[in-house]
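In: fold the stuff below for me.
(one chain, ligands or ions: 1)
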Amino acid sequence: MTAGIAVLAAACANAPGPPAAGAKASPCPAGPTFAWGADRATLWMRNSSEYRASSETLYRAALESLKKGLADPSWTAEPTQEGNLAALPPAVVMDVDDTVLDNSGYEARLLMDGTCFEAFPASWDAWVAERKAPAVPGAVEFIQSARTLKDPAGRAVRVFFVTNRECEKRPASDAACPQEEDTAENLRTLGLGTDELRMDLLVRGERPEWGGEKLSRRQVIAQGNRIVLVIGDDLADFLPEVRRQSVAERDLARCARDAFWGRRWFLLPNPIYGSWLVATGPDLTKALAAEPGVLQTCSRP
Ligand SMILES: [Mg+2]
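Out: As a prediction, the model looks like this:
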């Protein structure tokens, strides 16, 4: 979460003026408040049965796809995965923030507090340290059910969590990555603990080569596991490079893997933040006024 939001915030810091009629003047010296413009999206995730129905629908469909993928030993959700896949035990790869853990309460806090860009990193780390994020609707049931499933060779599904929560030391602790234990404990509290949870949680910066791009971490998982499903809330949870791409380029990347969506890849709605918003740019008024048309209907055989 952090990287995408930070890029957005940097962009928003230069955004022109308040976003909407009636908006309060920003208390922030560098520009709008951090969560500027996220009111309705945050309320949708917190208050709407529509969001609950949407994510539960997705997780039920994902479980059915997982069963199909388990039965087919050539099935993989990682396009770079090659070799004898039947030799590998099955796995699911999941993002954490707003895929498994629901951070809309944190977003509401940002909005209520009028948090400025400068105060964001500390406020985010404090939220992580609280370990109290609730689950995204349907996620706990999905993970618990997935772990009971086996492939035709009798090997159980292992769930890996690939998160861009970032390892960063805190003054009061010697731990190199206190955010990893915070996240693991938050997941345990929701009933998602296993003996291997810390091993199955791949945090940004945990190894020097693990940057914001998630591909290298999926490839580490793919060395020992057949990745049957990937689940996330951002195009960047599935595809490399899209954080640096334009709206049109990202959409071409989406269509290039059209056959994966809803079968091997499942993407949850997140209208609050994400690489989509970075690509949209800081001037939302200009983006609203622009003609649509760069998003396409993928051509299907
Ligand atoms: Mg996420």
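
In: mind giving me the packing neighbours of the longest strand anywhere in the chain?
Out: If you go by DSSP state E, the chain has its longest strand at strand 158-166. The contact analysis (3 or more C-beta pairs under 8 Å, 6 or more residues apart in numbering; DSSP states H and E) places strand 158-166 against helix 2-12, strand 90-94, helix 139-148, helix 178-189, helix 197-200, strand 201-204, helix 215-224. Quick note: C-beta positions are derived from backbone N, CA and C, even for glycine.

In: helices of the stretch 201-301 of the chain, start to end?
Out: Assigned by DSSP state H, counting those that start in this stretch, the helices in the stretch 201-301 of the chain fall at 215-224, 247-256, 275-280, 284-289.

In: compare these and say which comes out lowest on pLDDT.
Out: Mean pLDDT values for the helices of the stretch 201-301 of the chain show the minimum at helix 284-289, a mean of 89.

In: show me which residues of that one are buried.
Out: The neighbour-count check on helix 284-289 (16 or more other C-beta atoms under 10 Å) flags residue 284 as buried.

In: the residue of the stretch 201-301 of the chain found nearest the ion and residue 278: what is the separation?
Out: Ranking the residues of the stretch 201-301 of the chain by distance to the ion (C-beta to the ion) places residue 233 first, at 4.3 Å. For residue 233, the distance to residue 278 (C-beta to C-beta, to the nearest Å) stands at 14 Å.

In: could you do residue 156 as well?
Out: 37 Å.

In: out of those two, which sits in the more crowded spot?
Out: Between residue 156 and residue 278, residue 278 has the larger neighbour count (other C-beta atoms under 10 Å), namely 25 against 14.

In: the more buried one contacts residue 243, doesn't it?
Out: Yes. Using C-beta atoms under 8 Å, residue 278 is in contact with residue 243, at 6.6 Å.

In: what residues does the stretch 51-200 of the chain put near the ion?
Out: The stretch 51-200 of the chain comes close to the ion at residues 95, 97, 98, 99, as judged by C-beta under 5 Å from the ion.

In: got a list of contacts for stretch 289-300?
Out: For stretch 289-300, contacts defined as C-beta atoms under 8 Å, 6 or more residues apart in numbering pick out 247, 248, 251, 252, 254, 255, 258.

In: quick check: closest non-adjacent residue to the first one.
Out: What it means is residue 247. Among residues not flanking residue 247 along the chain, residue 279 sits closest, at 4.8 Å (C-beta to C-beta, 6 or more residues apart in numbering).

In: same deal with the last one?
Out: Nearest non-adjacent residue to residue 258, counting by C-beta to C-beta, 6+ apart: residue 298, 4.0 Å away.
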